[in-house]
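Participant: got a predicted structure plus its sequence, pasted below:
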Amino acid sequence: MFDVTSWGYSLAAVLVVAVAAWLVSVVRRDVSIVDSLWSLMILFCLLAYLALAEYHGPRTAMLVALLAVWALRLSLYITIRNHGEPEDRRYRAIRENNQPYFEWKSLYIVFLFQGFLAWVICLPAVAAVSGQASPGPLDFAGVALWLTGMIFEVVGDYQLSRFRRNKRSENEVLDTGLWRYTRHPNYFGEALLWWGIYLIALSAGAWWTIIAPLLMTFLLLKVSGVVMLEKDIAGRRPAYRDYIRRTNAFFPGRPGKASGQATSELPERG
């Protein structure tokens, strides 16, 4: 049985973590640390709910394992990637646009907001561990979809990291491997795995949690993902337009023919 009270308390727990992270960001003058914490907030929300709720269903171990693998891997990847780097340019733009007193504003603009989003995104997993129905075909389909999404995310991140280490000039673009079929295979994979979590929740009877994967997909497509990363690329790197013309932005598809010289912008992982 889904415990609304425990779910509410889990929000309070996640927001406490968000406030602690904000304090660290003020000392470091770098709000980019929230990227490393985002996936951990979602995992923490599930664990807080499990610690508070009285009833756990037969999917509990499976959901904890799936979220732990995803959250720990993503947090470690982003932490290693950002080590020794200045504050991400996206957050620098937010900082510049919210002066004066950004240090205080960042508490709710960045940290509390992302904590709240983590709480909402976690809803299907929380509902799934509460469901008492026996696992069935939808659970297997959900795990298969989650695994496919993880492959896209992990392989896409690995290919991008390797490309950045080995690139010989700025006039190169990663258009091989998964990046040949989509400009953002890691974002596509992240959306896919959350739809996999939703299928597991659906099997547990929590059809109403569809708001979470819809929100995640919207964020990746229109807010913090594709749109934000590509907003000014064409202006900074005009040759990137050719990569856009021949490669799908999100859903993998057959690549088109190049219409000009090689592109020069490196895709990013936020």
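Facilitator: Yep, it's here. Residues are numbered from 1 along each chain as shown.
Participant: how many neighbours does residue 196 have?
Facilitator: 24 (other Cβ atoms under 10 Å). The way it works is simple: take the backbone N, C-alpha and C, and place the C-beta from them, glycine included.
Participant: next one, pLDDT for it please.
Facilitator: Residue 196 is assigned 98 on the pLDDT scale.
Participant: ok, residue 33 next?
Facilitator: 93.
Participant: so how far is residue 75 from it?
Facilitator: 11 Å (Cβ to Cβ, to the nearest Å).
Participant: more neighbours: which of those two?
Facilitator: residue 33 (21 against 18).
Participant: excluding its backbone neighbours, what's nearest the more buried one?
Facilitator: residue 25 (5.6 Å; Cβ to Cβ, 6 or more residues apart in numbering).
Participant: who touches the one you found in this structure?
Facilitator: 31, 33-34, 106, 110-111 (Cβ atoms under 8 Å, 6 or more residues apart in numbering).
Participant: state the mean pLDDT of stretch 74-81.
Facilitator: 94.
Participant: tell me how far that stretch is from the chain's mean position?
Facilitator: Centroid separation for stretch 74-81 versus its chain: 12 Å, with Cα atoms, centre = their mean, to the nearest Å.
Participant: for stretch 242-254, same thing?
Facilitator: Distance, stretch centre to chain centre, for stretch 242-254: 20 Å (Cα atoms, centre = their mean).
Participant: so the residue nearest to residue 109 when sequence neighbours are not counted versus residue 110, what's the distance?
Facilitator: Spatial nearest neighbour of residue 109, excluding adjacent residues (Cβ to Cβ, 6+ apart): residue 98 at 6.4 Å. With the distance defined as Cβ to Cβ, residue 98 ends up 10 Å from residue 110.
Participant: the two: which has the busier surroundings?
Facilitator: Neighbours were counted for residue 98 and for residue 110 using other Cβ under 10 Å; residue 110 has more, 23 against 15.
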